[in-house]
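>>> Provided below for reference: sequence and predicted model.
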Amino acid sequence: MKLAMKYRPSALDEMVGQKKLLGSDAPLRRLIESDSAGHLFLYGPPGSGKTTLARIVAKMLERPYFEMNATTLKIEDVRKIFKDYANALQKPLLFIDEIHRLSKNQQEVLLPFMENNSALIMGASTQNPYYSLTAAMRSRAHTFEFEPIDEAAMEEYLDRVVRTEGIAVKPEAKAFLLSSSSGDARAMLGLLESAAAIENPISLKTLTGIRPHALQAGSAQSDSHYELTSAMIKSIRGSDVDAGLYYLARLIEGGEPAEFIARRLAILASEDIGNANPNALNLASATLNIVKYIGYPEARITLSQLLIYLASSPKSNSAYLAINKAQEAVRGGKIYPVPPHIKTHAKEYLYPHDFGGWVEQVYLERPLVFYESKGAGFEKNLDMWREKITKKEI
């Protein structure tokens, strides 16, 4: 894609979007400009500028630059780079794309070099490295999340390119270029370039002929991916099966990945149903696993089954509210020591099984209440069990 390469930003001020990270007074920008950033892990959607930033950093800091992909990375190649620059005044910048695919062994090899700053390590991923990188790796680097480029920034970027290249784009075609690219600047320029090779001015018909569906989105038209997803979730929460199915169909027909839909439904199973019907989470978990392996078109049936089950289930957000309250308490400074009798190997600990399953005992220095049952569905059973176990009225 010639346009994507030609218009790739070469300085921080040219970066498209990411104002929270790279705006004039943003923390990451200030760290980069002062050469104080250290090792960096960047994660976010494709085409949001992660690789571009690595190249800009290497240029700004005048460091030798090496770009690798974790899927093809060879440890001996990495060792050679470190060896070649062992006595160099300016250490290299090693950029590793798809860093979440590094094996534990590969990560362990990198650790000592990160520790002694033999090179500046930057990694990029579409997934949060927290779930794939070891704690040792994460502790030696700062992690920043890149967001999809917002439509205003995408439009400004597109306008600059078409003006410079002398490409005419009809209004409805421009709207499609922006909405269907889902914040991926590279994909937008790729589609523009392909269409420009066919006609000028560019029409919507030509664009949809090349890209029938939006990238990672629920619609290429006025209703955005986010709005359709929100409408589906709210319909399920409101127990409207048919409305939920309608928005599910919109998402599927718009090219939304099955795994994304399954993840959203799994969140809803805990947040909006919870212990009112604990089996909802089991079914959501099974759906997540199933859609990873079967994909469309069959995955639509599994998603439909789950959606109907969730919409038909009793609703309770008690678990969601309870953990929110607990976290607010901790953030608010309610940090109490663990009572001595329940610490590890404490001899004073009263083992409930020795007392028929329950014995009165202090587990928290000060009494705090976070969980409030709504008595919905299976929650009634849980309330009854706790009441019988503790012999206290809930």
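Arrived safely, thanks for sending.

>>> could you pull out the helices for the stretch 1-150 of the chain?
Remark: helices assigned in the stretch 1-150 of the chain by DSSP state H, counting those that start in this stretch are 2-6, 19-22, 27-33, 50-60, 75-84, 104-115, 135-139.

>>> what packs against the fourth one?
Which is helix 50-60. Applying 3 or more CB pairs under 8 Å, 6 or more residues apart in numbering; DSSP states H and E, one finds that helix 50-60 contacts helix 27-33, strand 39-43, strand 65-69, strand 93-97, strand 120-125. All C-beta atoms are positioned from the backbone trio N, CA, C, and that covers glycine.

>>> which residues in the stretch 101-250 of the chain form strands?
In the stretch 101-250 of the chain, the strands defined using DSSP state E, counting those that start in this stretch lie at 120-125, 141-145.

>>> would you mind finding the most buried of those?
strand 120-125 (a mean of 25; mean count of other CB atoms under 10 Å).

>>> now that strand against helix 104-115, angle please.
140 degrees (axes from the mean of the first three to the mean of the last three CA atoms, to 10 degrees).

>>> and strand 120-125, what does it pack against?
Strand 120-125 packs on strand 39-43, helix 50-60, strand 93-97, helix 104-115, going by 3+ CB pairs under 8 Å, 6+ apart.

>>> what comes into contact with the first one?
Judged by CB atoms under 8 Å, 6 or more residues apart in numbering, the contacts made with strand 39-43 from elsewhere in the structure are 50, 53-54, 57, 99-100, 114, 120-129, 133, 138, 140-146.

>>> taking strand 141-145 as reference, get the angle to it.
Using the same axes, to 10 degrees: strand 39-43 against strand 141-145 is 20 degrees.

>>> tell me the angle strand 39-43 makes with helix 50-60.
150 degrees.

>>> can you list the strands that strand 39-43 pairs with?
Take DSSP bridges as the rule and strand 39-43 pairs in its sheet with strand 120-125 (parallel), strand 141-145 (parallel).

>>> nearest to residue 288, out of these?
Of all the strands paired with strand 39-43, it is strand 120-125 that lies closest to residue 288, at 20.0 Å by CB to CB.

>>> give me the below-cutoff pLDDT ranges for the protein.
When residues are selected by pLDDT under 70, those of the chain lie in 1, 213-225, 392-394.

>>> how is it carved up into domains?
Taking automatic domain parsing as the criterion, the chain consists of the domains 18-145, 151-210, 225-312, 318-372.

>>> in JSON lines: those domains, plus distance to residue 384.
Conversion of those to JSON lines gives the following (distance: least, CB to CB, whole Å):
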{"stretch": "domain 18-145", "distance to residue 384": "37"}
{"stretch": "domain 151-210", "distance to residue 384": "48"}
{"stretch": "domain 225-312", "distance to residue 384": "13"}
{"stretch": "domain 318-372", "distance to residue 384": "14"}
